[in-house]
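*Asks:* Here is a sequence together with a model predicted from it:
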Amino acid sequence: MCENCTTSTRGSEAGASRRGVLRGAVLGGAGVAAGLTAASPAQAAEAVPIPEAETVEPARKSVGVGLRWLGVAGWEISFDGRVLYFDPYLSRFDYRLQGGALRTDPRVIEGLLASGRLAGPPELIMVSHGHWDHMADVPYLLGRKEWKQGTIDTIGTETHAHLLRAMGVERSVIVASGGEYLAFAGGAYTVEVIRSLHSQSGGHGFFAPGTRTAPPPPPATIDDLVEGGTLAYQVTVPGRLKVLMFGGTNFVERELAGLRPDVVVVSMTDFSTVHEYLPRLLTALGGPRYVIPSHHDDMITGYDDPNLPKTVRAQAVTDLRDAIRRAGLPSRVLPVAHLQRLDF
């Protein structure tokens, strides 16, 4: 699969304080892939201005699949006029303020859509786990009035479905636990749902664990959006590309047996107590051709802030390259910038 494809760039420990949720995982800066040329900022009426993504000429021998990093763990996958979202968290509110009150910023979301920095509507939203920085904006996206008449499928665990219902989502959710192999659009693409894990930080725990067996009261703070189980997803566009997406910084090695993605998106928050996290992961996947870091920014700096690139942790790229070298794998790391599109 994808032997000849090339790429171009287009445009917590349980009980930890909120200030420590991403301790050690979101500092520093990062470069972007070679060959980028900057474009002028986009302007959108009645919306927060969003900088243009960086662009270059399309790759030769393209398989026609695009990936766009939305920041945090969020991604847009596009091909053949179809759009899929993975963990689309866009509001980037400062979770350290107002007691961690949950909020959505429609201006930011509408600004992204109006400026073309976010494609839509999606026909599928994949949720890795229930934490706010992965799921808080999903209800707004599903309830957007311009999209209400269309079908938007959402995949998540039973807990994620209950939390979304508590947040006012009326659409049904495809409840998964890992092991599902789903065909969409008459087989235009498939999604393999993979049982996964969230993370283990310094004390072998993580922020807001827990599950829900029924819809709880409407979530009011980030603590109310519990993890609820973690899933990974492999999206396959038959004969063209396989992309494996992780939203948690851990994995179940046995669940990855036989998976051979062309591209793997790797979560890079704190993995300090996960044994040999990166070498084990990449070796278990047989050395994917392309490895992309994710979940390695500060989660709060706005898209229109000129300091946004400085919040991308450069060490994430270094750690991935070191792991690839140590494991003797042929993989190539692709650094990314916010709203930058990678064309395969």
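*Replies:* Good, I have the coordinates.
*Asks:* Just give the number of residues close to Asp322.
*Replies:* Residues within reach of Asp322, counting by other C-beta atoms under 10 Å, total 14. For glycine as for every other residue, the C-beta is placed from the backbone atoms N, C-alpha and C.
*Asks:* residues contacting it?
*Replies:* The contact partners of Asp322, by C-beta atoms under 8 Å, 6 or more residues apart in numbering, come to Leu278.
*Asks:* Recalculate using a threshold of 7 Å.
*Replies:* Listed by C-beta atoms under 7 Å, 6 or more residues apart in numbering, the contact set of Asp322 is empty.
*Asks:* ok, then the element right after the helix or strand hosting it?
*Replies:* Secondary structure from DSSP states H and E places Asp322 in helix 315-327. Where DSSP H and E defines the elements, the next helix or strand beyond helix 315-327 is strand 332-333.
*Asks:* Which helix or strand lies directly C-terminal to that next one?
*Replies:* Using DSSP H and E, the helix or strand that follows strand 332-333 in sequence is strand 341-343.
*Asks:* Parallel or antiparallel, list what pairs with that next one.
*Replies:* Looking at strand 341-343 with DSSP bridges, its paired strands and their directions are strand 8-10 (antiparallel), strand 66-71 (antiparallel).
*Asks:* what about it, average pLDDT?
*Replies:* Confidence over strand 341-343 (mean pLDDT, whole number) is 95.
*Asks:* Hmm, Leu67 and Leu342 touching each other?
*Replies:* Yes - under the criterion of C-beta atoms under 7 Å, Leu342 makes contact with Leu67 at 4.7 Å.
*Asks:* More neighbours: which of these two?
*Replies:* When neighbours are counted by other C-beta under 10 Å, Leu67 comes out ahead of the other of Leu342 and Leu67, with 27 against 22.
*Asks:* Quickly note the distance from that one to Asp298.
*Replies:* Relative to Asp298, Leu67 is positioned 21 Å away (C-beta to C-beta, to the nearest Å).
*Asks:* Worst mean pLDDT across the helices and strands of this structure, which element?
*Replies:* Each helix and strand of the chain was given a mean pLDDT (mean pLDDT, DSSP states H and E); the minimum falls on strand 8-10 at a mean of 57.
*Asks:* Do you have the strands of the stretch 201-344 of the chain handy? List them.
*Replies:* In the stretch 201-344 of the chain, strands defined by DSSP state E, counting those that start in this stretch lie at 230-237, 241-245, 263-267, 290-294, 332-333, 341-343, listed in chain order.
*Asks:* Deepest-packed of these, please.
*Replies:* strand 263-267 (a mean of 27; mean count of other C-beta atoms under 10 Å).
*Asks:* packing partners for it?
*Replies:* strand 241-245, strand 290-294 (3 or more C-beta pairs under 7 Å, 6 or more residues apart in numbering; DSSP states H and E).
*Asks:* Adding distance to Ile194 and mean pLDDT as columns, could you present the ones you listed in CSV?
*Replies:* Conversion of the helices and strands packed on strand 263-267 to CSV gives the following (distance: least, C-beta to C-beta, whole Å; pLDDT from 0 to 100):
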stretch, distance to Ile194, mean pLDDT
strand 241-245, 8, 98
strand 290-294, 16, 98
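*Asks:* For Gly202, find the nearest of those.
*Replies:* Of all the helices and strands packed on strand 263-267, strand 290-294 sits nearest to Gly202, with 20.7 Å by C-beta to C-beta.
*Asks:* What pairs with the closest one, parallel or antiparallel?
*Replies:* Determined by DSSP bridges, the sheet partners of strand 290-294 are strand 263-267 (parallel), strand 332-333 (parallel).
*Asks:* Could you export those to JSON lines, including columns for distance to Val312 and mean pLDDT?
*Replies:* Output for these, formatted as JSON lines (distance: least, C-beta to C-beta, whole Å; pLDDT from 0 to 100):
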{"stretch": "strand 263-267", "distance to Val312": "14", "mean pLDDT": "98"}
{"stretch": "strand 332-333", "distance to Val312": "14", "mean pLDDT": "98"}
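*Asks:* now those strands in TSV, with distance to Ser294?
*Replies:* Below are the strands paired with strand 290-294 laid out as TSV (distance: least, C-beta to C-beta, whole Å):
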stretch	distance to Ser294
strand 263-267	5
strand 332-333	12
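*Asks:* all helices of the stretch 1-150 of the chain, in order?
*Replies:* When secondary structure is read from DSSP state H, counting those that start in this stretch, the stretch 1-150 of the chain shows helices at 106-115, 132-135, 138-143.
*Asks:* taking the mean pLDDT, what do you get for the first one?
*Replies:* In other words, helix 106-115. 98.
*Asks:* Now do it against strand 66-71, angle only.
*Replies:* 160 degrees (axes from the mean of the first three to the mean of the last three C-alpha atoms, to 10 degrees).
*Asks:* Just checking the distance from helix 106-115 to the centre of its chain.
*Replies:* Per C-alpha atoms, centre = their mean, to the nearest Å, the displacement of helix 106-115 from the mean C-alpha position of its chain is 18 Å.
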